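Visitor: no sequence for this one, just the structure:
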């Protein structure tokens with residue numbers, strides 16, 4: 001790959017985009033997504049911040065992404081550059097980073113190095129290198145592993161605080177002054193150099209600027225030219241493993257259907273309704289029907305089994321859906337009750353019946369293995385129930401090993417173990433004997449995610465060692481094994497967050 005090839009690739013992608021905001025301004029910054037383009041452009045939060053900054057007087061946001069082939073990009077000896085301006089990322093005064101989950105910290109390190117920016121904040125020259133400002137979904141849980149690589153973190157919903165932070169960064173003299181003002185004037189801004197490990201509260205966006213929605217449509221994403229909009233934000237449910245449970249930011253906020261529909265552009269033929277609990281919106285069926293009646297395809301995230309009925313599923317089928325996807329999460333009814341997941345057997349059986357009745361291709365259930373107190377008996381119950389569902393409709397199980405997150409009631413629960421999870425997956429595959437399709441996330445990489453999700457700055461610094469050692473699982477394991485066994489373990493309960501510990505178990 002040459003510099004010409006990479007620039008031609010970027011220009012071709014931009015030529016296929018609809019809604020791109022190409023502008024320059026006195027206060028321009030880079031918005032960096034630490035995963036490839038097709039992932040980053042599927043992020044509703046990333047697109048929302050991009051539009052919001054570009055709409056601010058005197059400011060412009062230019063996008064950059066982690067290349068698909070980092071080795072080839074490195075061999076081409078060109079610095080990482082932005083899409084809108086083809087300007088080196090390292091030339092911007094501010095680099096804003098959206099981090100969705102723990103493993104993207106590795107992508108951030110690679111992207112910074114490709115930009116010629118030292119990944120560790122302590123190694124950067126305040127006069128030569130950009131200020132690195134982070135935000136994104138990871139901030140709702142545990143951003144401490146991110147702390148070695150950023151100058152400041154906007155916790156929670158940054159729809160408004162990003163503008164406050166940029167006012168500070170473009171209006172102060174020098175990094176030290178900027179850090180002091182950010183820490184003093186923005187209550188939800190975490191400044192690692194000043195706050196230590198003390199987490200500020202997460203921010204809550206003003207409803208006036210919501211709902212979030214896409215700015216750019218592109219065929220080069222996971223969701224292929226789908227316009228995304230949120231009919232609601234947050235969740236009113238109390239699932240014990242979930243960062244976005246009802247105690248986070250005041251629970252669920254509903255948006256008026258007319259307001260949601262008004263944001264859908266005429267040229268959008270595919271619409272995705274996204275949120276933590278979209279089917280819990282009391283008018284969700286009416287929203288889907290209105291979109292379908294206008295001739296659009298419709299997709300939804302977070303279908304809840306206890307909210308599905310004939311009218312709703314019929315609307316989904318008219319909107320082009322052929323697979324009904326929902327979640328059970330616990331392998332048995334006992335585990336689902338334990339984690340407060342409202343997915344009783346009768347609701348899941350009704351979901352299979354709806355698939356059959358409306359001529360859909362299959363039912364897909366998301367499931368976790370390795371939950372606290374889980375035993376082989378729970379897996380055996382899942383086998384028996386899966387076979388029962390498969391008699392009604394073709395069934396797929398999407399299996400993820402359980403990873404305990406900070407600031408949830410299951411914070412601190414032990415990882416079940418790679419061997420244990422692999423053993424239970426083997427038991428499950430043997431039990432369903434090919435009559436149920438199984439796709440499972442790697443237990444090894446979930447363990448890496450767990451180490452970061454439950455870790456702090458030492459675990460964060462270990463990411464750099466793993467990346468520089470090649471990024472294999474063995475490299476990650478060596479990096480974590482090298483950490484001191486007696487390193488401090490801290491709870492990260494933020495002000496205003498009441499977290500129950502009644503399910504803190506190690507079995």
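Guide: Alright, I've got the coordinates. If you're wondering where the values come from, they're calculated on a predicted model, not measured in any experiment.
Visitor: state the mean pLDDT of the helix ranked longest in the chain.
Guide: Longest helix of the chain, by residue count under DSSP state H: helix 376-392. The average of the pLDDT scores along helix 376-392 is 98.
Visitor: could you point out which element follows that helix?
Guide: Once the chain leaves helix 376-392, the next helix or strand it forms, by DSSP states H and E, is strand 395-401.
Visitor: what pairs with that next one, parallel or antiparallel?
Guide: strand 362-369 (parallel), strand 437-440 (parallel) (DSSP bridges).
Visitor: centre of the chain versus that strand, how much separation?
Guide: Remark: strand 395-401 is offset 19 Å from the chain centroid, using Cα atoms, centre = their mean, to the nearest Å.
Visitor: okay, angle between it and helix 376-392 too, please.
Guide: On the basis of axes from the mean of the first three to the mean of the last three Cα atoms, to 10 degrees, strand 395-401 is oriented at 150 degrees to helix 376-392.
Visitor: what does strand 395-401 contact?
Guide: Residues outside strand 395-401 that contact it (Cβ atoms under 8 Å, 6 or more residues apart in numbering): 323, 352, 362-370, 386, 389, 415-416, 421, 425, 428, 436-441, 443, 446-447. For glycine as for every other residue, the C-beta is placed from the backbone atoms N, C-alpha and C.
Visitor: wait, what's in contact with residue 95?
Guide: Counted by Cβ under 8 Å, 6+ apart, residue 95 has contacts 29, 30, 32, 89, 115, 117, 130, 131, 132, 133.
Visitor: out of those, name the two that are farthest from one another.
Guide: 115 and 133 (14.7 Å; Cβ to Cβ).
Visitor: helix or strand: which one has the one residue sitting closest to the centre of the chain?
Guide: Geometric centre of the chain, nearest residue: residue 100, 3.8 Å, by Cα atoms, centre = their mean. For residue 100, there is no host helix or strand (DSSP H and E).
Visitor: distance check, residue 479 against residue 454.
Guide: Between residue 479 and residue 454 the distance is 15 Å, computed by Cβ to Cβ, to the nearest Å.
Visitor: so where's the stretch 1-150 of the chain uncertain?
Guide: Along the stretch 1-150 of the chain, the parts satisfying pLDDT under 70 run over 1-3.
Visitor: let me see the ranges of the strands in it.
Guide: 27-33, 59-65, 94-98, 131-135 (DSSP state E, counting those that start in this stretch).
Visitor: how about the ones you listed in CSV, adding distance to residue 53?
Guide: Formatted as CSV, those follow (distance: least, Cβ to Cβ, whole Å):
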stretch, distance to residue 53
strand 27-33, 7
strand 59-65, 4
strand 94-98, 8
strand 131-135, 12
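Visitor: just to revisit the earlier point, single out the most deeply packed of the strands paired with strand 395-401.
Guide: Of all the strands paired with strand 395-401, strand 362-369 carries the top mean neighbour count, a mean of 22, counting by mean count of other Cβ atoms under 10 Å.
Visitor: what comes into contact with it?
Guide: 241, 323-331, 348, 351-352, 355, 379, 382, 389, 393-402, 416, 421, 424-425, 428, 437.
Visitor: and those, which of them are buried?
Guide: 241, 324-331, 348, 351-352, 355, 379, 382, 389, 393-402, 416, 421, 424-425, 428 (16 or more other Cβ atoms under 10 Å).
Visitor: follow-up on the earlier one: out of the strands of the stretch 1-150 of the chain, which is closest to residue 121?
Guide: Comparing the strands of the stretch 1-150 of the chain by Cβ to Cβ, strand 131-135 comes nearest, at 6.8 Å.
Visitor: paired strands for that closest one, with orientation please.
Guide: When DSSP bridges is applied, strand 131-135 pairs with strand 94-98 (parallel), strand 152-154 (parallel).
Visitor: which of the ones you listed sits most buried?
Guide: strand 152-154 (a mean of 28).
Visitor: those helices in the stretch 351-500 of the chain, which residues are they?
Guide: Ranges of helices in the stretch 351-500 of the chain, per DSSP state H, counting those that start in this stretch, are 376-392, 418-432, 443-453, 457-468, 473-481.
Visitor: neighbours around residue 204, how many?
Guide: Neighbourhood size, residue 204 [other Cβ atoms under 10 Å]: 18.
Visitor: nearest spatial neighbour of it, chain-adjacent residues omitted?
Guide: Spatially, and ignoring its direct neighbours in sequence, residue 204 is nearest to residue 249 (4.8 Å; Cβ to Cβ, 6 or more residues apart in numbering).
Visitor: and residue 501, what pLDDT?
Guide: According to the prediction, residue 501 has pLDDT 36.
Visitor: break the chain down into its domains, please.
Guide: Per automatic domain parsing, the structural domains of the chain span 3-195, 225-321, 324-454+489-507.
Visitor: give the other helices and strands that the strand or helix carrying residue 165 contacts.
Guide: Counting by DSSP H and E, the element that carries residue 165 is helix 161-171. Applying 3 or more Cβ pairs under 8 Å, 6 or more residues apart in numbering; DSSP states H and E, one finds that helix 161-171 makes contact with strand 27-33, helix 44-55, strand 94-98, strand 131-135, strand 152-154, helix 175-185.
Visitor: what helices or strands is the helix or strand following the last one leaning on?
Guide: Sequence-wise, the next helix or strand downstream of helix 175-185 (DSSP H and E) is strand 189-190. Contacts defined by 3+ Cβ pairs under 8 Å, 6+ apart place strand 189-190 against strand 152-154.
Visitor: ok, and what's touching the strand it packs on?
Guide: Identification of contacts with strand 152-154 by Cβ under 8 Å, 6+ apart yields 131, 133-135, 139, 143, 146-147, 161-162, 165, 179, 182, 186, 188-192, 203.
Visitor: check contacts around the residue lying closest to residue 109 once chain neighbours are set aside.
Guide: Using Cβ to Cβ, 6+ apart and skipping the chain neighbours, the partner closest in space to residue 109 is residue 119 (4.5 Å). Residue 119 sits next to 108, 109, 112, 113, 149, 464 when contact means Cβ under 8 Å, 6+ apart.
Visitor: so which of these comes closest to residue 226?
Guide: Nearest to residue 226 out of these is residue 108 (Cβ to Cβ; 26.1 Å).
Visitor: tell me the contacts of that closest one?
Guide: 32, 34, 97, 99, 119, 146, 149.
Visitor: surely the last one meets residue 123?
Guide: In this case it means residue 149. No - between residue 149 and residue 123 there is no contact under Cβ atoms under 8 Å: 10.2 Å.
Visitor: out of these two, which sits in the more crowded spot?
Guide: More neighbours surround residue 149 than the other of residue 149 and residue 123, with 27 against 10 (other Cβ under 10 Å).
Visitor: how near is the residue nearest to that one when sequence neighbours are not counted to residue 138?
Guide: In space, and not counting its chain neighbours, residue 149 is closest to residue 119: 5.5 Å by Cβ to Cβ, 6+ apart. As defined by Cβ to Cβ, residue 119 lies at a distance of 17 Å from residue 138.
Visitor: residue 279 now?
Guide: The span separating residue 279 from residue 138 equals 25 Å under the rule Cβ to Cβ.
Visitor: which residues of the stretch 201-350 of the chain fall in helices?
Guide: Along the stretch 201-350 of the chain, counting by DSSP H, counting those that start in this stretch, helices occupy 257-262, 284-293, 310-318, 333-338, 345-357.
Visitor: tabulate these (JSON lines), appending mean pLDDT and distance to residue 301.
Guide: Output for those, formatted as JSON lines (pLDDT from 0 to 100; distance: least, Cβ to Cβ, whole Å):
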{"stretch": "helix 257-262", "mean pLDDT": "96", "distance to residue 301": "14"}
{"stretch": "helix 284-293", "mean pLDDT": "97", "distance to residue 301": "12"}
{"stretch": "helix 310-318", "mean pLDDT": "97", "distance to residue 301": "13"}
{"stretch": "helix 333-338", "mean pLDDT": "94", "distance to residue 301": "20"}
{"stretch": "helix 345-357", "mean pLDDT": "97", "distance to residue 301": "16"}
